[in-house]
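# structure, please.
(one chain, ligands or ions: 2)
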Amino acid sequence: MAGPREAELGSLLAEARLAYSGAFAGADPELAVSAPGRVNLIGEHTDYNQGFVLPMALQLGTVMVGSLRRDGVISIITTAEGAEEPKRVQFPAPTEGNPLRPSEPHWANYVKGVIQHYRAGPIPGFNAVIASNVPLGGGLSSSASLEVATYTFLQQLCPDDGDLVAKALACQKAEHVFAGMPCGIMDQFISVMGKEGHALLIDCRSLETLLVPLNDPSLVVLITNSNVRHALTGSEYPTRRHQCEEAAKALGKASLREASMADLEAAQALLSEEVFRRARHVIGEIERTSRAGQALQARDYETFGRLMVESHNSLRDDYEVSCPELDELVTAALEVRGVYGSRMTGGGFGGCTVTLLEAGVAEAAVQHIKEKYSGAATFYFTKPSDGAKVQPL
Ligand SMILES: Nc1ncnc2c1ncn2[C@@H]1O[C@H](COP(=O)(O)OP(=O)(O)O)[C@@H](O)[C@H]1O
Ligand SMILES: [Mg+2]
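Ligands and ions are numbered 1, 2, ... in the order given. As a prediction, this is how the structure comes out:
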């Protein structure tokens, strides 16, 4: 079968080493790290509302290889085709009087942001090459895997205190300040704390995490990349964040996490029809995610799958972040017997769907989705993997 692919960390490391010796006069890198992308099983657009999310780390990831330099210069190359030109940037390591600032090319801001917000110092100069097999902008969090890989790399050069929560938060801050993306905490948390054979239920209010086993051999997680990304104005995400804040404020709550569906219904007159629907998605999704965590613990995949479908419908109708391609992929997946559930995953407007299904029907599901989908999809069968790691060279 042509479809499913699995990540090959080894070949990614080989690619990065080759690019390194090409760029840095034949030298070999002295250290290597990796950090995974993620797929969110359920809990979409809940993280910035202090709710629950339930992602798992992927076998797809970003690697960074490199070596210390003695002259205080940082020189970084990405091999990613989708990254803007130039693919190589060079700048002095930041000092207190001379901090890094966001600039062109855009991709380097994810790296610079992490360097600037790193929790120890002073950071020395270094050479590095980045290679990734997470699709850029595909909703599998190439950005967080790049940030967390960078942070993990810096930990080898200049150790911090090793606090994992603080590490994830520093990476999130880098994305806020340097990439201008007011993202929640999910992507960085799972890329730091993922564990093989487990999904991670994250309480985005308390920052507590719970590993939930997801290693049943009769079960498969299929990611389907629609390979579309609708060109939007860029304001969709901040607009929804504002709408959620507005709804929470009207309800007299610190966040939508504090609100029940009954609270929302009682306050309906205070909200525009659109803001009401946005809040209805978030409040319902937080509840669904908490129930999905329990269902997964109990290995109740029927319930889990049903909650995934409810999540998709709510994202489509109330939050309005789906698109025809994602809806098509979900509909096609649900037509296959042995599929428990399917939904869009990630921010929306393109990117990927995630489907939970019986292992025995995996190939049939891919065939069926291929036949039904109007575009050309990419399929990944994936297993929950570990978070960021140092890699032997
Ligand atoms: N390996 C990489 N090399 C260079 N830039 C990268 C890499 N991975 C991610 N990026 C940056 O992150 C951006 C994608 O982040 P984002 O829009 O949040 O999508 P997602 O995180 O869902 O993949 C890319 O456009 C690029 O700027
Ligand atoms: Mg991202």
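
# following the longest helix belonging to the chain, which helix or strand comes up?
Longest helix in the chain, counting residues (DSSP state H): helix 273-297. For helix 273-297, the succeeding helix or strand toward the C-terminus, using DSSP states H and E, is helix 301-317.

# and the angle from that next one to helix 273-297?
160 degrees (axes from the mean of the first three to the mean of the last three Cα atoms, to 10 degrees).

# please spell out which residues along helix 301-317 are buried.
Neighbour-count burial for helix 301-317 flags 301, 303-312, 314-316 (criterion: 16 or more other Cβ atoms under 10 Å). Using the backbone N, CA and C atoms, a C-beta is placed for each residue, glycine as well.

# which one of these is nearest to ligand 2?
L315 (17.1 Å; Cβ to the ion).

# which residues are in contact with that closest one?
44-45, 281, 285, 321-322, 343-344, 348 (Cβ atoms under 8 Å, 6 or more residues apart in numbering).

# which single one of the residues you listed is nearest to L210?
E285 (17.7 Å; Cβ to Cβ).

# the residue nearest to the closest one when sequence neighbours are not counted: neighbour count?
The spatial neighbour of E285 that comes closest, neighbours along the chain excluded (Cβ to Cβ, 6 or more residues apart in numbering), is T46 at 5.1 Å. Other residues near T46 come to 31 when the count uses other Cβ atoms under 10 Å.

# same question, D203
Counted with other Cβ under 10 Å, the neighbours of D203 add up to 17.

# make 511 the first number, not 1, from now on.
Sure thing, new numbering starts at 511, so read that last one as D713.

# ramachandran coordinates for the closest residue to it other than its chain neighbours?
In space, and not counting its chain neighbours, D713 is closest to F562: 5.9 Å by Cβ to Cβ, 6+ apart. With angles defined as degrees, to the nearest 10, F562 sits at phi -100, psi 150.

# need the pLDDT of F562.
Per-residue pLDDT puts F562 at 98.

# what parts of the stretch 761-903 of the chain come near ligand 1?
Proximity of the stretch 761-903 of the chain to ligand 1, by Cβ under 6 Å from any ligand atom, involves residues G856.

# hmm, I was thinking of the stretch 611-760 of the chain
616-617, 620, 640, 642, 646-653, 656.

# enumerate every residue touching whichever residue of the stretch 711-860 of the chain sits closest to ligand 1.
Distances between the stretch 711-860 of the chain and ligand 1 by Cβ to the nearest ligand atom are smallest at G856, namely 5.8 Å. For G856, the contact set (Cβ under 8 Å, 6+ apart) comprises 550, 554, 648-651, 862.

# please enumerate the helices of this protein.
According to DSSP H, the helices that the chain contains are 519-533, 617-627, 652-667, 674-689, 696-703, 746-760, 771-776, 783-807, 811-827, 834-844, 872-882.

# return the most buried member of these.
helix 696-703 (a mean of 28; mean count of other Cβ atoms under 10 Å).

# which residues does that one contact?
Against helix 696-703 from outside (Cβ under 8 Å, 6+ apart): 545-548, 550, 553, 557, 563, 565-567, 651, 653-655, 657-658, 674-675, 677-679, 681-682, 685, 710, 712, 714, 717, 719, 897-898.

# just stretch 805-812 next, same as before
551, 564, 709, 722-724, 726, 729, 813-814, 817, 850, 866.

# per-residue confidence averaged over that stretch?
Rounded mean pLDDT across stretch 805-812 is 98.

# same question, stretch 647-655
94.

# go on, stretch 601-614?
For stretch 601-614, the mean confidence score works out to 97.

# now that stretch - C-alpha only, PDB.
Extracted as PDB, the C-alpha positions of stretch 601-614 are listed here (Å, rounded to 0.1, in the frame of the first residue of the first chain):
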ATOM      1  CA  PHE A 601      23.700  36.700  14.700                       C
ATOM      2  CA  PRO A 602      25.600  37.400  17.900                       C
ATOM      3  CA  ALA A 603      24.500  35.500  21.000                       C
ATOM      4  CA  PRO A 604      22.300  37.800  23.000                       C
ATOM      5  CA  THR A 605      23.600  39.700  26.000                       C
ATOM      6  CA  GLU A 606      21.700  41.800  28.600                       C
ATOM      7  CA  GLY A 607      22.400  45.000  26.700                       C
ATOM      8  CA  ASN A 608      21.900  43.400  23.300                       C
ATOM      9  CA  PRO A 609      18.800  41.200  23.300                       C
ATOM     10  CA  LEU A 610      17.500  39.400  20.200                       C
ATOM     11  CA  ARG A 611      14.400  40.900  18.500                       C
ATOM     12  CA  PRO A 612      12.000  39.400  15.900                       C
ATOM     13  CA  SER A 613      13.100  40.000  12.300                       C
ATOM     14  CA  GLU A 614      13.100  38.300   8.900                       C
END
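
# if I pick L646, what's in contact with it?
Residues 590, 592-593, 652 are the ones in contact with L646 under the rule Cβ under 8 Å, 6+ apart.

# thinking again about what came up before, go through the contacts of L825 and flag which are in strands.
853-854 (DSSP state E).

# next, work out how far apart Y661 and ligand 1 are.
Using Cβ to the nearest ligand atom, to the nearest Å, Y661 is found at 14 Å from ligand 1.

# and L570, by the same measure?
10 Å.

# find the centremost residue of this structure, please.
The chain has S651 as the residue nearest its centroid, 3.1 Å off, counting by Cα atoms, centre = their mean.

# phi, psi for that residue please.
phi 70, psi 60.

# quick check, it in contact with G547.
Yes: judged on Cβ atoms under 8 Å, S651 makes contact with G547 at a distance of 4.9 Å.

# need the per-residue pLDDT for the closest residue to ligand 1 within the stretch 661-810 of the chain.
Closest to ligand 1 within the stretch 661-810 of the chain is M691: 6.2 Å, counting by Cβ to the nearest ligand atom. You'll see M691 listed with a pLDDT of 88.

# ok, now which ones touch the closest residue to it other than its chain neighbours?
Leaving aside its chain neighbours, M691 sits nearest to E685 (5.1 Å; criterion: Cβ to Cβ, 6+ apart). Going by Cβ under 8 Å, 6+ apart, E685 touches 620, 623, 653-654, 657, 691, 693, 698.
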